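J.: Got a sequence here, can you model it:
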Amino acid sequence: MDDEPEAEHGQAADLLSRWRSAERDTAAARTAETIAAMAVKAAEIAETAAAKAEKAADLAMQAAVQAKDAAALARQAASDAAQGALTAGMHAAGEEERASQDVSTAEKAGDQARERFQGSTGQRFPEGPA
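T.: The predicted structure is shown next:
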């Protein structure tokens, strides 16, 4: 009979031990559940960030292509402007040469007209306007 209370006490201790073990397992499972939920949330955030990064990379690539196209257009415009300036410069140089020749021709014509006039009147007048 002495063995009966001791057996009950042993059985109660075993049940208490199992209960505490189950509580620890439950707490660990809840912690694991919380960690898993946080991992799912982190994965969702990472997925969103990756999608945004991909979109930003696409936009950056489009901007780079547009900048390259704009640079090519600017280069062509500068080349055209330089060619136009060269042509205008050559044209202006030609015009300057023609103007210089026109001045020389006009001076010669003026000198000849003055000499003829003076020769016809027999008088000498001062050269050019006063």
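
J.: Which parts of the chain belong to which domain?
T.: Following automatic domain parsing, one finds the domains of the chain at 1-56, 72-121.

J.: Distance to residue 66 and mean neighbour count for these - can I get that in TSV?
T.: (C-beta placed from N, C-alpha, C; glycine too.) Listed next are the domains of the chain as TSV, based on distance: least, Cβ to Cβ, whole Å; neighbours: other Cβ atoms under 10 Å:
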stretch	distance to residue 66	mean neighbour count
domain 1-56	15	10
domain 72-121	10	10
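
J.: Same list, those, but as a markdown table with distance to residue 65 and mean pLDDT please.
T.: Below are the domains of the chain laid out as a markdown table (distance: least, Cβ to Cβ, whole Å; pLDDT from 0 to 100):
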| stretch | distance to residue 65 | mean pLDDT |
| --- | --- | --- |
| domain 1-56 | 15 | 92 |
| domain 72-121 | 11 | 92 |
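
J.: With distance to residue 62 as new columns, can the ones you listed be given to me in a markdown table?
T.: Listed next are these as a markdown table, based on distance: least, Cβ to Cβ, whole Å:
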| stretch | distance to residue 62 |
| --- | --- |
| domain 1-56 | 11 |
| domain 72-121 | 16 |
